[in-house]
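> predicted model, plus sequence, below.
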Amino acid sequence: MGVVKKDDCWRVPAELWRRIEPLLPTRPEYPLGGPNPRAPDRQALDGILLVLRPGMQWSALKAMGLCHPSSVYRRFCEWLAAGVFREFWRQGLLAYDGLARIDWRWLVLDGTQGKAPLGGEKTGPNPTDRAKRGTKRSLLTDSRGVPLGLVVAGANMNDFKLARATLESIPVRRPLPSRSRRQTLCVDLGYAFWPVRELAREYALTLRAPRRRGLRGLTPSRRRRPSPRWVVERTHSWLNRFRRLLLRWEMREDTYVAMLHFALGIITWFHSPLLK
């Protein structure tokens, strides 16, 4: 995988650039020219990745000599409004499904909490961190850990209340399960409630959850194969390697979700055989 060997952690690899470049909106040049030439899109994307991966501040981009921080952030907002980052993730899922096939037989759902020192939209008091402001990511993956769905909420939101929104956030079409091709939803004890059971029945999913007292209907199915719940925790760890996501500094929900979609797209494309 030659692309990964040349990756220096913040420049966009050539293969990923070829995938995202067609998604970028074109902007007509000024008819009489402008005071300053427009920064190249690839330099702006390198600046966004530099903020996302090492967690650098927007204002610190000036020292890197790429382009002005305001230009990078303005381009980021333009691409956010055009849905570039979500489409980049969706195209990665389509490419991955076309070659490696998404393993719809096992879907794994779990949430994780993170700090949000500045607060903002979709944040709340973290019950595990002395009620400090925090955010929660609810993530859905297949059995290989490829991200399929994501929603953001306050840290005080219960996991099972985000199950429906996470399933609805899948950007590609989910095939309908059948008797020969069942789809099992693996969750932990935080989802072992009746609303999740009704949701699994609505989506024709076989729910596999730990036993909770008083809810016999949520008993896990007796199968020899162990539950692959660990793969979603590994994907959360992959997301935390993008240091901008480990601590949430975006007060706006849309900018934070755009950063997440960009990271999910990178993870998905590197799982695709097209980049191997």
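Thanks, I have it. Numbers count the residues shown, from 1 in each chain.

> where does pLDDT dip in the stretch 1-150 of the chain?
Scanning the stretch 1-150 of the chain for pLDDT under 70 picks out the ranges 1-9, 28-35.

> who's in contact with Trp249?
117-118 (Cβ atoms under 8 Å, 6 or more residues apart in numbering). C-betas here are computed from N, CA, C, even on glycine.

> apply 7 Å and report the result again.
Contacts for Trp249 (Cβ atoms under 7 Å, 6 or more residues apart in numbering) come out as Leu118.

> cool, Asp188 as well?
Contacts of Asp188 (Cβ under 7 Å, 6+ apart): 110, 210, 229.

> wait, isn't the second one in contact with Phe193?
No: in this structure, Pro210 is not within contact of Phe193 by Cβ atoms under 7 Å, at 11.7 Å.

> if I look at Arg137, how far off is Asp110?
Going from Arg137 to Asp110 by Cβ to Cβ, to the nearest Å gives 9 Å.

> which of Pro210 and Phe193 has more neighbours?
The neighbour count for Pro210 versus Phe193, taken as other Cβ atoms under 10 Å, is higher for Phe193 (20 against 15).

> ok, Gly65 - how many residues close by?
Neighbours of Gly65 using other Cβ under 10 Å come to 7.

> err, Arg201, not the other one
That count, for Arg201 with other Cβ under 10 Å as the rule, works out to 11.

> check Leu167 too.
The number of residues near Leu167, taken as other Cβ under 10 Å, comes to 22.

> before we move on, what about Gly83?
Gly83 has 14 neighbouring residues, counting by other Cβ under 10 Å.

> what packs against the longest helix seen in the chain?
As assigned by DSSP state H, the longest helix anywhere in the chain is helix 253-271. Counting contacts by 3 or more Cβ pairs under 7 Å, 6 or more residues apart in numbering; DSSP states H and E, helix 253-271 is packed against helix 14-20, helix 41-52, helix 69-81, helix 84-99, strand 147-154, helix 243-246.

> any chance of the contacts of Asp188 in a markdown table, plus secondary structure and distance to Val152?
Listed next are these as a markdown table, based on DSSP: H, G, I helix; E, B strand; the rest coil; distance: Cβ to Cβ, whole Å:
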| residue | secondary structure | distance to Val152 |
| --- | --- | --- |
| Asp110 | strand | 14 |
| Pro210 | coil | 25 |
| Arg229 | coil | 21 |
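
> mind putting the residues you listed into TSV with distance to Leu49?
Formatted as TSV, those follow (distance: Cβ to Cβ, whole Å):
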residue	distance to Leu49
Asp110	26
Pro210	39
Arg229	30
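
> between its first and last residues, how far does stretch 74-92 reach?
By Cα to Cα, to the nearest Å, the extent of stretch 74-92 from end to end equals 25 Å.

> name the residues that touch it?
By Cβ under 7 Å, 6+ apart, the list of residues contacting stretch 74-92 from outside reads 19-20, 23-25, 44, 48, 171-172, 254-255, 258, 261-262, 264-265, 268-269, 272.

> what of stretch 265-276?
Counting by Cβ under 7 Å, 6+ apart, 1, 3, 15-16, 19, 85, 88-89, 92-93, 95-96, 99-100, 146-147, 238 sit against stretch 265-276.

> mind doing that once more with 6 Å?
Stretch 265-276 has contacts (Cβ atoms under 6 Å, 6 or more residues apart in numbering) with 1, 3, 15, 88-89, 92-93, 95-96, 99-100, 146, 238.

> of these, closest to Gly55?
Nearest to Gly55, judged by Cβ to Cβ, of the contacts of stretch 265-276 is Trp238 at 15.0 Å.

> against Val231, how distant is the closest one?
Trp238 is 10 Å from Val231, where distance means Cβ to Cβ.
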